[in-house]
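Asker: pasting the sequence and the predicted coordinates here, then a few questions.
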Amino acid sequence: MSRRIAAALSLSLLLVTAACSSDSTKASGTVTVFAAASLTESFDDLQTSLRSSDPRLSVRYSFAGSGALVTQIQQGAPADVIATADTASMKKLTDAGLVEAPTTFAKNKLEILVAPGNPKGIHTLSDLSRSEIKLVTEDDTVPAGKYAAQILHGAGVTVSPVSKEADVKSAVAKVTSGEADATIVYVTDVEAAGSKGEGVIIADAQNVVAEYPIAIAKAAKNHGGAAAFVAAVVKGNGQEALYRHGFLPAR
């Protein structure tokens, strides 16, 4: 049995269990969700499902790099829920007493994104060090940027990025627009790029596994709605949406 099939069966069991144990009380009001940029497609997909399951619940998203989101919450920005692309960013909020206990809801891996057809012949991490390759990465404050640096360091590859972007979507845009030849982003971002990009697999031995935690902000104005949203992400329709967009199960 392949890992993807096994993951699908495990996900199906999780969703059935969640459906059987779900609370019949519907949430309502507006929920403000701060989420890592790499969650854009999955969370937008989830919002469509919530319109059917919880029609009185409205979700307002703010997508950005995890570091920027953490800073905004630390500075008092109103948020009911936050989901980050790494545990380190979330830990800053838990240590400051700004969020309730977080739950890991998904995992992700990284991949090299290149132009369709891979015109520059980039097949390994070491190819990213070639002088003619225009590489972009994410800023060091962004989880994807930290992961990329960790991967390159582990592989013994030294690079000179032409820019460091604010989040993965900005890095993807540089490649899909032709301004750069390659970047390192999440597998899910490569999938989201569709025909505008192509992925080059990073071997598991050189890759990292990103863990995505989600938590309710202690200053949440709509705690009931926030709890309903988190439940949907952790054990409801959100898991199906995440799987469709290439995320790995949390367990």
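Answerer: Alright, I've got the coordinates.
Asker: on the three-state scheme, residue 199 is what?
Answerer: Three-state call for residue 199 (DSSP: H, G, I helix; E, B strand; the rest coil): strand.
Asker: need the contact list for it.
Answerer: For residue 199, the contact set (C-beta atoms under 8 Å, 6 or more residues apart in numbering) comprises 111, 112, 113, 114, 187, 190, 191. Using the backbone N, CA and C atoms, a C-beta is placed for each residue, glycine as well.
Asker: now the strands: where do they sit in the chain?
Answerer: Along the chain, counting by DSSP state E, strands occupy 29-36, 57-64, 81-83, 103-108, 110-114, 135-138, 163-165, 182-186, 198-201, 210-216.
Asker: export the ones you listed to JSON lines and tack on distance to residue 93?
Answerer: Formatted as JSON lines, the strands of the chain follow (distance: least, C-beta to C-beta, whole Å):
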{"stretch": "strand 29-36", "distance to residue 93": "10"}
{"stretch": "strand 57-64", "distance to residue 93": "15"}
{"stretch": "strand 81-83", "distance to residue 93": "7"}
{"stretch": "strand 103-108", "distance to residue 93": "13"}
{"stretch": "strand 110-114", "distance to residue 93": "24"}
{"stretch": "strand 135-138", "distance to residue 93": "20"}
{"stretch": "strand 163-165", "distance to residue 93": "23"}
{"stretch": "strand 182-186", "distance to residue 93": "21"}
{"stretch": "strand 198-201", "distance to residue 93": "32"}
{"stretch": "strand 210-216", "distance to residue 93": "7"}
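Asker: closest to residue 244 out of the ones you listed?
Answerer: Among the strands of the chain, strand 103-108 comes nearest to residue 244, with 11.9 Å by C-beta to C-beta.
Asker: could you pull up the mean pLDDT of the closest one?
Answerer: Strand 103-108 carries an average pLDDT of 98.
Asker: and it with strand 210-216, angle?
Answerer: Put simply, strand 103-108 runs at 150 degrees to strand 210-216, going by axes from the mean of the first three to the mean of the last three C-alpha atoms, to 10 degrees.
Asker: about what we covered before: for residue 71, find the nearest of the strands of the chain.
Answerer: strand 57-64 (9.6 Å).
Asker: direction included, what does the closest one pair up with?
Answerer: strand 29-36 (parallel) (DSSP bridges).
Asker: and which of the contacts of residue 199 is nearest to residue 218?
Answerer: So of the contacts of residue 199, ranked by how close each gets to residue 218 (C-beta to C-beta), first place is residue 187, at 32.6 Å.
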